[in-house]
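Asker: Here is my input; please provide its structure:
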Amino acid sequence: MNSLLTPDFARNIRILGHSDQGGRADGIQIMVSGGYAYLGHVFNNGFSVIDVRDPKNPVFVKHIPQPEGTWSQHLQTHGDILIVNNMCDMLKVETSGAFDPGEYYKGSVADKVDLSGGDKPYSAGMRVYDISDRANPREIAFLDVPGLGVHRVFWDGGDWAYISALPPGFSDDIFMIVDFRNPEKPEVVSKLWKEGMHTAGGEKPRWDPKYRYALHHAIIKGDLGAAAWRDGGMSLIDVSDRYNPRFISHDNPCPPFAGHTHNTLPLPGRGLLFVVEESQADNCEDGIKRNWVYDISVPENPVTIATTLPPGEEDYKHKGGQFGPHNVHENRSEGFQSEELMFVTYQNAGLRVYDISNPFRPEEVAACVPPAPTRLMDYRPNRPLVVDTTDVYVDKQGLIYTTDMNAGLYIMEMDGL
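Answerer: Below you'll find the predicted structure:
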């Protein structure tokens, strides 16, 4: 058997197939549509297309590069449309010596990168592709977003897309709504930010400068948005008027907890919110990151009611690399949807599945830790050769797709799903 199909640890999950993505084995966000997977890269630029119609034998189709110096690690699909983010490749900036390793996650990004110049050595915005021919994405539009570019997009079909981006005059990424009624002519129609972020407007941050207050992204369900502000915690947003979104409430457990809110998944049928923090530093040097369950049945007063226990079958804290949550399957309309099973990537601890049918007592019910990669895609010095499971997508048939920063795409199957 292929050694990459034999997990280091598994419970109620098995690995069906693996792809090294045509030799570009780094992967971040993944979407699956019409039997094809689309995944962004963090070290290799661009995005790749994989034929996954046979889950035991995924086939690399093609790699589509983006402009030099550009990150395109995040993407979205619905129907025959694919959206890909474009922003400054911050790892290239970091390894050029512009700032110390890991500083991207500390404090305001606008203090580290000059956003004032007109000519930038990267592309800033979002690209739109027609994927009616699933194997051959065709670019049909580019939305220019001046500044650092678009970090992440949330779009699950419909007239509106929601982006995080850092325009000039702000300290870090803010919330923007895009009119997407004509995918060939997307247009930003509104902005929203935490008070203190609009530096050009005279606002001054009210938080400790060691923290990073920046929108990672917001997940929208109906007219409710849930926004992850990294060290700034989470917000609930009323987006019923897309031209004038407004904050409903806010909560931030950092400090005393370690912070860096990364995903905020509303579960509207139950009045709950599942929140994932991100681990960024090796060996938990940035603290223990958590998954939180919130009661948001009264949106004006979100209350934390539980956390999940971290994986404990191995000493992952000292395994090497990053140990902690990263992404959650976002219950997309074209994929698997559940308000009781949460699929969370856990970096060097692989994939974890939590049953939150009792929201006060979440229980881990399945897990899979793929083996270490055979080589590194990560070009930064002194990186450990360990698994780094970064993103997850679950399709309507219950197949689980995960990406690894160095080992590529895994396709898995869970008992009873």
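
Asker: From now on I want contacts and neighbour counts done on CA atoms only, so please keep to that.
Answerer: Noted.

Asker: Do a quick rundown of the helices in this structure.
Answerer: Using DSSP state H, the helices of the chain run over 90-95.

Asker: Give me the below-cutoff pLDDT ranges for it.
Answerer: 1-2, 117-118 (pLDDT under 70).

Asker: center of it, which residue is that?
Answerer: Nearest to the geometric centre of the chain sits residue 327, at 5.6 Å (CA atoms, centre = their mean).

Asker: How about the contacts made by that one?
Answerer: By CA atoms under 8 Å, 6 or more residues apart in numbering, residue 327 lies in contact with 262-263, 276, 278, 344-346, 390-392.

Asker: and with 6 Å instead?
Answerer: Contact analysis of residue 327 by CA atoms under 6 Å, 6 or more residues apart in numbering lists 344-345, 391.

Asker: Format these as TSV; extra columns: neighbour count and distance to residue 68.
Answerer: Below are the contacts of residue 327 laid out as TSV (neighbours: other CA atoms under 10 Å; distance: CA to CA, whole Å):
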residue	neighbour count	distance to residue 68
344	27	31
345	30	29
391	29	24
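
Asker: With distance to residue 382 added, can I get those residues in JSON lines?
Answerer: What follows is the contacts of residue 327, written out as JSON lines (distance: CA to CA, whole Å):
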{"residue": "344", "distance to residue 382": "27"}
{"residue": "345", "distance to residue 382": "23"}
{"residue": "391", "distance to residue 382": "23"}
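
Asker: Return the set of buried residues in stretch 144-163.
Answerer: 144-157, 160-163 (16 or more other CA atoms under 10 Å).

Asker: for residue 318, what are its contacts?
Answerer: residue 283.

Asker: what about it, distance to residue 140?
Answerer: 46 Å (CA to CA, to the nearest Å).

Asker: Pretty sure residue 39 sits against residue 30.
Answerer: Yes: counting by CA atoms under 6 Å, residue 30 is a contact partner of residue 39 at 4.4 Å.

Asker: overlap in contacts of those two?
Answerer: Counting by CA under 6 Å, 6+ apart, nothing touches both residue 39 and residue 30.

Asker: Tell me where the stretch 201-350 of the chain has strands.
Answerer: Assignment of strands within the stretch 201-350 of the chain using DSSP state E, counting those that start in this stretch yields the ranges 213-221, 224-230, 234-238, 246-251, 261-267, 272-277, 291-295, 303-307, 341-345.

Asker: okay, the angle between the last one and strand 272-277?
Answerer: Our comparison of strand 341-345 with strand 272-277, counting by axes from the mean of the first three to the mean of the last three CA atoms, to 10 degrees, yields an angle of 10 degrees.

Asker: And for the second one?
Answerer: If you take the same axes, to 10 degrees, strand 224-230 sits at 20 degrees to strand 272-277.

Asker: do the same with the fifth one
Answerer: Strand 261-267 runs at 160 degrees relative to strand 272-277, counting by the same axes, to 10 degrees.

Asker: now do the fourth one
Answerer: Taking the same axes, to 10 degrees, strand 246-251 and strand 272-277 form an angle of 70 degrees between their directions.

Asker: Touching strand 246-251 from outside, list them.
Answerer: 233-238, 300.

Asker: Could you give the separation of that strand from the chain centroid?
Answerer: Distance of strand 246-251 from its chain centroid, counting by CA atoms, centre = their mean, to the nearest Å, is 21 Å.

Asker: cool, stretch 70-90 as well?
Answerer: 11 Å.

Asker: Could you number the chain from 330 rather than 1 from now on?
Answerer: New numbering, starting at 330: the last item is stretch 399-419.

Asker: Tabulate the strands of the stretch 530-679 of the chain (CSV), appending distance to residue 344.
Answerer: Shown next, in CSV, are those (distance: least, CA to CA, whole Å):
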stretch, distance to residue 344
strand 542-550, 29
strand 553-559, 31
strand 563-567, 34
strand 575-580, 38
strand 590-596, 25
strand 601-606, 24
strand 620-624, 24
strand 632-636, 27
strand 670-674, 15
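
Asker: what about dumping the CA coordinates of stretch 621-629 to PDB?
Answerer: Only the C-alpha atoms of stretch 621-629 are listed here, as PDB (Å, rounded to 0.1, in the frame of the first residue of the first chain):
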ATOM      1  CA  TRP A 621     -15.600  27.600  21.000                       C
ATOM      2  CA  VAL A 622     -19.300  27.000  21.000                       C
ATOM      3  CA  TYR A 623     -21.500  30.100  21.400                       C
ATOM      4  CA  ASP A 624     -25.200  30.500  22.000                       C
ATOM      5  CA  ILE A 625     -26.300  33.300  19.600                       C
ATOM      6  CA  SER A 626     -30.000  32.700  20.100                       C
ATOM      7  CA  VAL A 627     -30.100  36.400  21.200                       C
ATOM      8  CA  PRO A 628     -27.700  37.800  18.600                       C
ATOM      9  CA  GLU A 629     -27.200  41.000  20.700                       C
END
